[in-house]
Each structure stands twice: as structure tokens, then as C-alpha cells.
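A.B. asks: Show me the folded form of this:
(one chain, ligands or ions: 2)
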Amino acid sequence: MSRALAPGSWAVVVPVKGGPRAKSRLRAPDGVDHGQLATALALDTVTAVAGAVGPARVVVVTSDPTVAATVAATGAVVVPDPGAGLDAAVLAGARRAAGTASPAPRVAALLGDVPSATAGDVATALAAATPYDAAVVPDADGVGTVLLTARTSETLRPRFGGASALAHEQAGAVRLDLDLPRLRRDVDDEASLRRALSLGVGDHTAALLAHLGTPAADRDERDDPRTA
Ligand SMILES: Nc1nc2c(ncn2[C@@H]2O[C@H](COP(=O)(O)OP(=O)(O)OP(=O)(O)O)[C@@H](O)[C@H]2O)c(=O)[nH]1
Ligand SMILES: C=C(OP(=O)(O)O)C(=O)O
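C.D. replies: Numbers count the residues shown, from 1 in each chain. Ligands and ions are numbered 1, 2, ... in the order given. A predicted model of the protein is given here:
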């Protein structure tokens, strides 16, 4: 069951590398353009976040023109990627996120490769993180991070890459092993893409991969409010 968030209480940074170097570990299925797949994964992630916190409090950090134009048209904020890696991108987004609500919102970073996540998942995770100065939601393997939160933009301490869940814990974040399999399913390679498809994915990824025959039962489950 998802939980409602107070309006303006959270802003969420979504870093998206985009372009030809994005998602280099992921081999697109036959007949699917790799760049379009990387973009679709990101747009589904942004859509879920916007559904949870409102588009004006989604800050997408990217230098990819397709992603930037698409999310800007939805009302999200776009910050150019400083080009100094993932943590620097997250920090650039966090600085901008602070100004998206008054009083300043809590700030989170959700990596832009979780196309199975629903708005309800994002809202539930942010609500669960609200009592803590900082929190981390690990990925499905428990090693990486899908969501990092902080009370303010100044106290967000990104340590992404590799075993980042532990790195974020060591930097002071409380680990939240939430029972939100769709939120925790990041897509890095073919195996994780298959797992995401079996959980259900957002409209952009589903449309691009429709010819692969995403199981109808999984799509039904995704839409079932009892599982949202
Ligand atoms: N803006 C921005 N986003 C990044 C950067 N590096 C990674 N990301 C995003 O962070 C998320 C997780 O990163 P990865 O899974 O490593 O994605 P990736 O670098 O595109 O993929 P690989 O080449 O397979 O490592 C994805 O949404 C990426 O788009 C960066 O330097 N800038
Ligand atoms: C960058 C991270 O994710 P990935 O597994 O996509 O490399 C991370 O978890 O810190």
C-alpha cells in the first residue's frame, strides 16, 4: 500500500547519463535500438518519480538532448551534467532541488534505471525515509543503491558506484531494506532487464519492447492497486 506525501516535502534528483555511452553493460534485445532503450528506462523512472512528488520537484541531471527535451516538456527541472561523474551529477541536482519548494524540501536521489518502479513505490520509500536524517534503499542484490535520501541538499552524501549501499551506510545513511521489488530492480544487463520485464515496466520501456511479448499477467499485476 502506498503512502501519501505532504506536497512539497520532497524533491528527487534523477541522474541520467544518456547518449551513446549510457548503459554500456546492457545489450539491447535484437531489433531494439540501444540508445532508445536507455532513454526509455530513464523516462519510465522519471515518470514514476513525477507521479510521487509532482513534476516540478523532479530534477533530472543530464546532458542528453532527447532526455532533456522530453522531461522538460513534462514540467521537470533539467540541470546540465557537470561531466565529472555520477556523484558530481547528483550533487549538482541536489543544489537545484533545494529551490523547488518553500520551505526547502528533503532531497533524494533515485538512479535513472528503475523502469519497474511505480509512483506508489517511490512515495512509500520516501515516506519510510522521512524520519531519518539520511537513508539508503539498496538494489535487489543488496549491494548497490537505488535511492539515497537526506534531510537537506547540503547533507546528501552520494557515494555511488560498486558496493554503494554499504558506502552510503558508512557515510551515515540508515539502510532501509524495503519490500518494494519494483523500486529495487535496477537494469544493468540483460538478466536484470528480464527481471524488470517480469515485474512490469513503465509505458516507454513496454512500448519499445512490446514485440518481445511482456507477459500480460505481469502487466495486470503492475496495475493492481493491491500490489501498487
Ligand atoms: N547525469 C549522469 N548520470 C549518470 C552518470 N553515470 C551514471 N549515471 C546514471 O546513473 C544511473 C546508474 O548508473 P549505471 O547503472 O552505471 O549506468 P550507466 O553508466 O549508464 O551504465 P554502464 O555503462 O553499464 O555502467 C543510470 O541512470 C545512469 O544514467 C553520469 O556521469 N552523469
Ligand atoms: C551506480 C550504481 O548502480 P549500478 O548497479 O547501476 O552500477 C550504484 O548502485 O551505486
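
A.B. asks: Now Pro138. Its backbone dihedrals?
C.D. replies: When read as degrees, to the nearest 10, the backbone of Pro138 gives phi -70, psi 160.

A.B. asks: Quick check: it vs Thr118, distance?
C.D. replies: 18 Å (C-beta to C-beta, to the nearest Å). No exception for glycine: its C-beta is placed from N, CA and C like everyone else's.

A.B. asks: Extract the CA atoms of stretch 197-208 and return them as CSV.
C.D. replies: Taking Å, rounded to 0.1, in the frame of the first residue of the first chain, the C-alpha atoms of stretch 197-208 are listed here in CSV:
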residue,chain,number,x,y,z
LEU,A,197,10.0,-7.1,-17.5
SER,A,198,8.7,-9.9,-15.4
LEU,A,199,7.8,-7.4,-12.7
GLY,A,200,6.2,-5.0,-15.2
VAL,A,201,7.7,-1.8,-16.6
GLY,A,202,6.5,1.7,-17.4
ASP,A,203,5.0,2.7,-20.7
HIS,A,204,8.1,3.8,-22.5
THR,A,205,10.0,0.6,-22.0
ALA,A,206,6.9,-1.5,-22.5
ALA,A,207,6.1,0.2,-25.8
LEU,A,208,9.7,-0.2,-27.1
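
A.B. asks: Now it: average pLDDT?
C.D. replies: What stretch 197-208 shows for mean pLDDT is 97.

A.B. asks: In this structure, where is pLDDT below threshold?
C.D. replies: 1-3, 214-228 (pLDDT under 70).

A.B. asks: how about the strands in it?
C.D. replies: 10-15, 58-61, 77-79, 106-110, 134-138, 145-150, 174-175 (DSSP state E).

A.B. asks: Throw the ones you listed into JSON lines and include mean neighbour count and distance to ligand 2, thanks.
C.D. replies: What follows is the strands of the chain, written out as JSON lines (neighbours: other C-beta atoms under 10 Å; distance: least, C-beta to the nearest ligand atom, whole Å):
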{"stretch": "strand 10-15", "mean neighbour count": "28", "distance to ligand 2": "9"}
{"stretch": "strand 58-61", "mean neighbour count": "30", "distance to ligand 2": "14"}
{"stretch": "strand 77-79", "mean neighbour count": "20", "distance to ligand 2": "18"}
{"stretch": "strand 106-110", "mean neighbour count": "28", "distance to ligand 2": "10"}
{"stretch": "strand 134-138", "mean neighbour count": "24", "distance to ligand 2": "8"}
{"stretch": "strand 145-150", "mean neighbour count": "27", "distance to ligand 2": "4"}
{"stretch": "strand 174-175", "mean neighbour count": "15", "distance to ligand 2": "13"}
